[in-house]
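Visitor: Provided below for reference: sequence and predicted model.
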Number of protein chains: 2
Amino acid sequence: MKKFGIVGIIGVGMIGGSIGMALRKRRLADKVIGLGRNPVKLRRAKVLGAIEEGYTDFDKGLKNAGLVIVATPVGLIPVMIKRAFPYLEDGSIITDVGSVKCQLIRKIERFLPQRIHFVGAHPIAGLETFGVENAKPTLFQESNCVLTPTPSTDANALRVIGEMWKGIGARVLLINPVQHDELLALTSHLPHLIAVSLIEVLCNLNKKYKNTKEFIGGGFRDTTRIACGSPIMWRDICLANKKEILNALRKFKSTTNQIEEIISNEKWDMLLRKLIRAKKERDSLK
Amino acid sequence: MKKFGIVGIIGVGMIGGSIGMALRKRRLADKVIGLGRNPVKLRRAKVLGAIEEGYTDFDKGLKNAGLVIVATPVGLIPVMIKRAFPYLEDGSIITDVGSVKCQLIRKIERFLPQRIHFVGAHPIAGLETFGVENAKPTLFQESNCVLTPTPSTDANALRVIGEMWKGIGARVLLINPVQHDELLALTSHLPHLIAVSLIEVLCNLNKKYKNTKEFIGGGFRDTTRIACGSPIMWRDICLANKKEILNALRKFKSTTNQIEEIISNEKWDMLLRKLIRAKKERDSLK
């Protein structure tokens, strides 16, 4: 038996498909099974090499899978786990790739029986693209994958999931789910909403000028690129991380108000200091 | 004589250097002369092929230049033109590349004698990089260059500057300076300040968590990339376009407040519609 036995992936999109491809390419699984509602998409995933077999029927598909990865939009993860676990053998491990953790883990730990182990995971490797057509086996190389254990998390299951992510090229970080959601609200969810907001301001201007698009340069394009992400996925994220997102928005508004005040009062030296500091910080992210 | 005769470029940075390289590569000028305060930078520009000769002395450098391009940060443009024009022959043309136009044009038209023609220009091709090391002769290919004539602009000078930009690969658009500044506040200056604001929120969180950077994905990187731009250049832009930038910030805050309100009141269908519309708009920019 290979390292992770038979692996089931529920939701074979960009992330799920990339995990499948990476596991297969590195020969880490005996078989990679795809599960989903849409047979057409499952066939495409098979053709693209993300999975070896595709099933819409959990009963058939999850037979002998010792490791199940749920890679659906955040809102569906608990639902899918609820549907999947009755078919799993004792000691099986379920993990996910959701970008919000607290609410989800709370729900899952409430109904999951002790015989099945759940480990929350979030690979920070998504792009604004989606669908298995955009999956690639190298997606997680050099990226970070955050695992969010709780006091109820089984230590061995945590180790297995950590090894799986390392096995497909990611660096593994551990953090508690509350801190995860606070951090991600700021580093990911807030930037998305800001991009949406910026585009809306531009749309409003389209009523006044017809050719606004010709005045758009690389800066605007970069700043708003993430708005191309899946609307349903992002609606689910906002729903699941409402409290922290509202907190992040408040923090952002307060720094934006400060900048507005500085410009309004023509404190140009103070503005220059802010711009220098921001540049220094951003340069360090490269 | 080649199409644009002897061309002087004041400020041979990323933009000025790219213009020089493009003019030389396409053999559109008899000679490209660089002017600046720093002999080391002028030498580097010469080595990199952006200019043929470099001068710190305007008297020597501008001799016989029929076309002068000022490519310094916005704040210095009127100062440079004031220093340059006494050395120019009757009928010479001065143009610039400043990303804010109204204030600048008003200043320049106030002091420039009728014998010298000024045409305001803004190539929408900048990146977050700067310095002649980042100049390239292809920078303007397929990009837009906005010319901002006023009632005082000489028609022939406008034609010449339009031809120069087309000559080095750009599409040329005409718009009045007031509309230019309103549009650019939104498509360029606002995104910059938002990026700065986002980074500042993250820095504040660094006090609480030490490894915030490990939780940063492609979205945050894209959204904040422009914050790597030159702080002095951006301070000058805010200074020169204060009114329109404050207007843009107000519009942005109002759409952001709307999004906050939608999330706060859990109007998830309305949020989904907003996300779908933003995605559609952003997809159309690709």
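Guide: Okay, I see it.
Visitor: Run the chain-centre distance for stretch A:45-52.
Guide: Remark: stretch A:45-52 is offset 21 Å from the chain centroid, using Cα atoms, centre = their mean, to the nearest Å.
Visitor: which residues sit against it?
Guide: Stretch A:45-52 has contacts (Cβ atoms under 8 Å, 6 or more residues apart in numbering or on different chains) with A:9, A:12, A:16-18, A:20-21, A:24, A:31-34, A:36, A:42, A:53-54, A:132-133, A:135. Using the backbone N, CA and C atoms, a C-beta is placed for each residue, glycine as well.
Visitor: Which among the residues you listed count as buried?
Guide: The neighbour-count test (16 or more other Cβ atoms under 10 Å in any protein chain shown) marks A:9, A:12, A:16-18, A:20-21, A:24, A:31-34, A:36, A:42, A:54, A:132, A:135 as buried among the contacts of stretch A:45-52.
Visitor: Among the contacts of stretch A:45-52, which are located in helices?
Guide: If you go by DSSP state H, the contacts of stretch A:45-52 have A:Gly16, A:Gly17, A:Ser18, A:Gly20, A:Met21, A:Arg24, A:Leu42 in helices.
Visitor: now, which of those sits nearest chain B?
Guide: Chain B lies nearest to A:Ser18 out of the ones in helices among the contacts of stretch A:45-52, by Cβ to the nearest Cβ, at 13.9 Å.
Visitor: Surely that closest one is in contact with A:Glu133?
Guide: No. In this structure A:Ser18 lies outside contact range of A:Glu133 using Cβ atoms under 8 Å: 11.4 Å.
Visitor: For chain A, give me the ranges with low pLDDT.
Guide: Applying pLDDT under 70 to chain A flags the ranges A:1, A:126-128.
Visitor: What residues of the longest helix along it count as buried?
Guide: Looking across chain A with DSSP H, the single longest helix is helix A:242-264. Buried residues in helix A:242-264, counted by 16+ other Cβ under 10 Å: A:242, A:244-245, A:247-249, A:251-253, A:255-256, A:259-260, A:262-263.
Visitor: Mind giving me the packing neighbours of it?
Guide: helix A:177-184, helix A:190-206, helix A:268-283, helix B:190-206, helix B:242-264 (3 or more Cβ pairs under 8 Å, 6 or more residues apart in numbering or on different chains; DSSP states H and E).
Visitor: Only the buried residues of the second one, if you could.
Guide: Going back to what we said before, that points to helix A:190-206. A:190-202, A:205.
Visitor: Break chain A down into its domains, please.
Guide: A:6-175, A:179-283 (automatic domain parsing).
Visitor: starting at the chain centroid, how far to the first one?
Guide: Pointing back at domain A:6-175 there. The chain centroid and the centroid of domain A:6-175 are separated by 12 Å, computed with Cα atoms, centre = their mean.
Visitor: Nearest to B:Ile93 among the helices and strands packed on helix A:242-264 would be which one?
Guide: For B:Ile93, the closest of the helices and strands packed on helix A:242-264 is helix B:242-264, at 27.3 Å, according to Cβ to Cβ.
Visitor: How about the residues of the stretch 51-200 of chain A by chain B?
Guide: A:124-128, A:144, A:146, A:171, A:173, A:179-180, A:183-184, A:186-188, A:190-200 (Cβ under 8 Å from any Cβ of the partner chain).
Visitor: redo that, cut-off 7 Å
Guide: A:124-127, A:144, A:146, A:173, A:179, A:183-184, A:186-188, A:191-200 (Cβ under 7 Å from any Cβ of the partner chain).
Visitor: hmm, back to that, dump the helices and strands packed on helix A:242-264 into TSV; add distance to A:Phe220 as well.
Guide: Formatted as TSV, these follow (distance: least, Cβ to Cβ, whole Å):
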stretch	distance to A:Phe220
helix A:177-184	24
helix A:190-206	7
helix A:268-283	17
helix B:190-206	5
helix B:242-264	12
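Visitor: right, so of those helices, which gets closest to A:Asp222?
Guide: When the helices and strands packed on helix A:242-264 are compared by Cβ to Cβ, helix B:190-206 sits nearest A:Asp222, at 8.0 Å.
Visitor: next SSE after that closest one?
Guide: Scanning forward in sequence from helix B:190-206 by DSSP states H and E, the next helix or strand is helix B:218-224.
Visitor: Are that following helix and chain A in contact anywhere?
Guide: Yes. Using Cβ under 7 Å from any Cβ, helix B:218-224 reaches chain A at B:Gly218, B:Gly219, B:Phe220, B:Arg221, B:Asp222, B:Thr223, B:Thr224.
Visitor: And the strands in the stretch 51-200 of chain A?
Guide: A:53-55, A:65-70, A:93-96, A:117-119, A:121-124, A:144-147, A:171-174 (DSSP state E, counting those that start in this stretch).
Visitor: mind listing what A:Glu214 touches?
Guide: B:Asn144, B:Leu173 (Cβ atoms under 7 Å, 6 or more residues apart in numbering or on different chains).
Visitor: redo that, cut-off 8 Å
Guide: Residues counted as contacts of A:Glu214 (Cβ under 8 Å, 6+ apart) are B:Asn144, B:Arg171, B:Leu173.
Visitor: So which of the residues you listed reach chain A?
Guide: When contact is defined as Cβ under 8 Å from any Cβ, the contacts of A:Glu214 meet chain A at B:Asn144, B:Arg171, B:Leu173.
Visitor: The nearest residue to A:Leu76 once chain neighbours are set aside: how many residues sit nearby?
Guide: Distance criterion Cβ to Cβ, 6 or more residues apart in numbering or on different chains; nearest residue to A:Leu76, sequence neighbours excluded, is A:Gly11 at 7.4 Å. The number of residues packed near A:Gly11 is 23, by other Cβ atoms under 10 Å in any protein chain shown.
Visitor: Look up phi and psi at A:Gly11.
Guide: Main-chain torsions, A:Gly11, degrees, to the nearest 10: phi 90, psi 90.
Visitor: wait, doesn't it sit right on A:Val70?
Guide: Yes. In this structure A:Gly11 lies within contact range of A:Val70 using Cβ under 8 Å: 6.4 Å.
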